[in-house]
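[1] Prediction below, plus the sequence it came from.
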Amino acid sequence: MTKLATVITTSLLEIWAHKLRSLLSFLTMAIGVGAILYTFAITEGTSQRMKKAMAIAGQGRMEIGPKRGGDYKSKGLSPGLTLNDAKAIRSAFPELAMVSPEIERWGAGFIYKDFKDGSLAARGITLEWAKRDWGYTTRGRFLNQTDIDTAARVCVLIEPGRWLKKPWWIKRWASRKDDFNSWIVRRDLLGKNVIIGNEMFLVVGIIQEPTREKDPRWFRGRWSWGDGLMPITTLMKSVTSRYDASDSPDKIDSIDIDTGNEETVSSYRKKIEALMRLRHRGEEDFEVFEYRERYADQIAEQKKTARATLLMGIICVLAGGIGIMNVTLATIYSRIKEIGIRRAVGASRSDIVLQFVIEAMLLGLLGGIFGIALGLLGINTFLKDIRWMDIATFHPIHFMAALTIAVGTGFIFSIWPAWMAAKLDPVEALRYE
Amino acid sequence: MTLVHCENITKIYNNSFAALDQVTLAIEDGEFISIMGPSGCGKSTLLNILGLLDTPTGGRYRLEGQNASDFKDSRRTLWRRKKIGFVFQSFNLLPRISALENIMLPMTYNGLLRKSAAQKARFLMKLVRLEGKEANNPLQLSGGEKQRVGIARSLANDPALILADEPTGNLDSKSGAEILELFLDLNRQGKTIVLVTHDHNIAAKTKRIIKLKDGRIVE
Ligand SMILES: Nc1ncnc2c1ncn2[C@@H]1O[C@H](COP(=O)(O)OP(=O)(O)OP(=O)(O)O)[C@@H](O)[C@H]1O
Ligand SMILES: [Mg+2]
């Protein structure tokens, strides 16, 4: 124990005596450790986020939308995705947990008195919408069947959940102070008339989302600049509707389906696709994607990036190891006389090995600590755009692993030079000038 | 008691040059011996073999009755640590640590706790009359003072044998005389000392003088 303490003190003195050399040797190591830590954090964060999102959204979710890519030209046979498609699916499979058609109108715009916001999204929905993932608290009332049937000019506004305790990394993300989301939490618009997309709507309800901490959807990457919900029928007839004259009058943007559990997704998907093809007279102008797949794609994408970063990290750590080996050799050459002296006063070969290996491991440790700082800096810098929630999750194990890698590399790369030093002939070492 | 017994010790370099040639020598416990001889005659070589720092190519070396020429490196290290104290002409102190820590070095290798090592090192510094210089590093000491640290270090693990290779060679005559006094004191207290020197005045004060020439003992 005494011996180890003495060895460490000597090592620190030695490292301190060659500050620049030491710094250079552990810098590469630090970059590598930083990259590895970064990878760990991202991988962990992504998988946690996906798991949470899957758990909340339900394993049985899928969404039908128009064929993506935009280059699909209808042969004129299919009416496109319509409200009647949703109705047909609902009546064919009444056991489904949810069949929720939706029209989305991004940037519809919102005006109330002197407040204007151009980015509010108008969403046309049916009552099925309320069956989706999350329980909200509502003031006033939600839309009802009469609203839908009569295409009433009513709307329900969404008040975003607040943070109980705002994470530091959110504070740093520049957000507009005067946007709809921050504006609405300070107002009570229940019973007021507001203008959405140039038309007047009566606010019959305000939905309050849960606090951010309790809202895992938020971790799924769902983000909006404000939402106004209205009957799908109202939005369909609205002059603000963006569709071409050639479109079917009941054209919608998506149908969100929940089968209730993961096992049934594939079989329902086949049945629903068959039904849709039939209704679209054989035209494959729609696309179904399962939430599972989307998450899997995202995870795969993340993993690819993570692998590249990890590879870079490993290469850097190896380069750092070679750097440490180089420094260890340099240290040994400059201290041959010292080795002789130590041997003469009673140091064994293993004492000499220990001396240089501990020194290299300390260098590795310093590199590791530096690397952790670099990794944190990297996460803070590159992941600031938290809109897509590339949240890094830290786990004490990651820090331990990063440090272990750094210290272990120091050990592995110094053991050979240290053994060489220990095998020096003491007499020759003493005579060395 | 015979502490050291050399029988026909030979050291041949490069398979041809005999630095030591059939040296036979016995050293009794409590002796004070000086070794003299021209430069290159093999004095340091002999000392290194006596101190288990080097191995002879021929002959038998017995230390405290044990055949030390058969020892493996680990055993030689252990014996060197516990039974031998080296004093060098060029002091050979570690420059980056204090005088006290230099003296503690052999004790830490011997597994002594830091506290007791420091305590003993302080006592040894008093013995070599260096109180107050504990914290100085070797660069902040005079030549004579450095050699006292060297002697204190050689005493750290209470060795049976002190081997000093021209300990006064780098000192002026006054500090040299003081260092010799120290060795004489130590010998009076019972330490066995082998001292290499070129100085006849110093050698004259020791109990026995061995003269080497071309690797052989001439008297
Ligand atoms: N590693 C070596 N290889 C070859 N020859 C060596 C080696 N070490 C020492 N010698 C030779 O052995 C001889 C004895 O050397 P040694 O150092 O014992 O002399 P010395 O009596 O101590 O001399 P000095 O009084 O100058 O210190 C010398 O001639 C030297 O050149
Ligand atoms: Mg010599």
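    It's in. In this text the structure is predicted, and so the values were computed from the model without any measurement. Numbers count the residues shown, from 1 in each chain, chains lettered A, B, ... in the order given. Ligands and ions are numbered 1, 2, ... in the order given.

[2] tell me the strands in the stretch 101-250 of chain A, going along the chain?
    For the stretch 101-250 of chain A, strands defined by DSSP state E, counting those that start in this stretch occupy the ranges A:110-112, A:115-117, A:121-125, A:137-140, A:154-159, A:193-196, A:199-208, A:227-231.

[3] want to throw the ones you listed into CSV with distance to B:L139 and mean pLDDT?
    C-beta: built from backbone N, CA, C; applies to glycine. Listed next are the strands of the stretch 101-250 of chain A as CSV, based on distance: least, C-beta to C-beta, whole Å; pLDDT from 0 to 100:
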stretch, distance to B:L139, mean pLDDT
strand A:110-112, 79, 88
strand A:115-117, 74, 85
strand A:121-125, 76, 88
strand A:137-140, 77, 82
strand A:154-159, 74, 89
strand A:193-196, 83, 90
strand A:199-208, 75, 90
strand A:227-231, 76, 89
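
[4] Of the ones you listed, which is nearest A:K251?
    Counting by C-beta to C-beta, A:K251 lies closest to strand A:121-125 out of those; the figure is 10.9 Å.

[5] Counting neighbours, which bits of the closest one end up buried?
    A:A121, A:A122, A:R123, A:G124, A:I125 (16 or more other C-beta atoms under 10 Å in any protein chain shown).

[6] again, but for stretch A:426-433
    A:P426, A:V427, A:A429, A:L430.

[7] Let me know the pLDDT of the third one.
    The predicted local distance difference test score for A:A429 is 94.

[8] surely it meets A:I352?
    No - applying C-beta atoms under 8 Å as the test, A:A429 and A:I352 come out as separate, 9.8 Å apart.

[9] Now the common contact residues for the two.
    A:I339, A:R343 (C-beta atoms under 8 Å, 6 or more residues apart in numbering or on different chains).

[10] tell me which parts of the stretch 251-400 of chain A are close to chain B?
    A:337-338, A:340-349, A:351 (C-beta under 8 Å from any C-beta of the partner chain).

[11] what's the helix or strand that A:T28 is a member of packed up against?
    Using DSSP states H and E, A:T28 maps to helix A:19-57. The contact analysis (3 or more C-beta pairs under 8 Å, 6 or more residues apart in numbering or on different chains; DSSP states H and E) places helix A:19-57 against helix A:217-220, helix A:291-334, helix A:349-382, helix A:396-422.

[12] Just the buried residues of the third one, please?
    Taking 16+ other C-beta under 10 Å as the basis for neighbour counts, the residues of helix A:349-382 that come out buried are A:349, A:351-372, A:374-376, A:378-379.

[13] circling back to that earlier point, looking at the helices and strands packed on helix A:19-57, which one has the lowest mean pLDDT?
    Taking the mean pLDDT of the helices and strands packed on helix A:19-57, helix A:217-220 comes last: a mean of 47.

[14] Next up, the contacts around A:L235.
    By C-beta under 8 Å, 6+ apart, A:L235 lies in contact with A:I103, A:R105, A:A122, A:R123, A:G124, A:S241.

[15] from these, which two are the most distant?
    A:R123 and A:S241, at 12.9 Å, using C-beta to C-beta across these.

[16] Identify the contacts common to these two.
    A:I103, A:R105, A:L235.

[17] Take these and lay them out in a markdown table including pLDDT and distance to ligand 1.
    As requested, these are exported to a markdown table (pLDDT from 0 to 100; distance: C-beta to the nearest ligand atom, whole Å):
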| residue | pLDDT | distance to ligand 1 |
| --- | --- | --- |
| A:I103 | 89 | 93 |
| A:R105 | 83 | 92 |
| A:L235 | 86 | 97 |
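
[18] Can you mark which positions in the helix ranked longest in chain B are buried?
    In chain B, taking DSSP state H as the definition, the longest helix is helix B:173-188. Within helix B:173-188, the residues that count as buried by 16+ other C-beta under 10 Å are B:S175, B:G176, B:A177, B:E178, B:I179, B:L180, B:L182, B:F183, B:L186, B:N187.

[19] what comes into contact with the next helix-or-strand element following that helix?
    Using DSSP H and E, the helix or strand that follows helix B:173-188 in sequence is strand B:192-196. With contacts defined as C-beta under 8 Å, 6+ apart, strand B:192-196 is touched by B:3, B:27-36, B:43-44, B:47, B:50, B:160-167, B:183, B:186-187, B:202, B:206.

[20] swap in stretch B:125-145?
    Here stretch B:125-145 has contacts from B:91, B:93-100, B:102-103, B:121-122, B:146, B:148-149, B:151-152, B:155, B:170-172, B:174-175, B:178-179, B:182, using C-beta under 8 Å, 6+ apart.

[21] starting at the chain centroid, how far to that stretch?
    Put simply, stretch B:125-145 sits 19 Å off its chain's centre (C-alpha atoms, centre = their mean, to the nearest Å).
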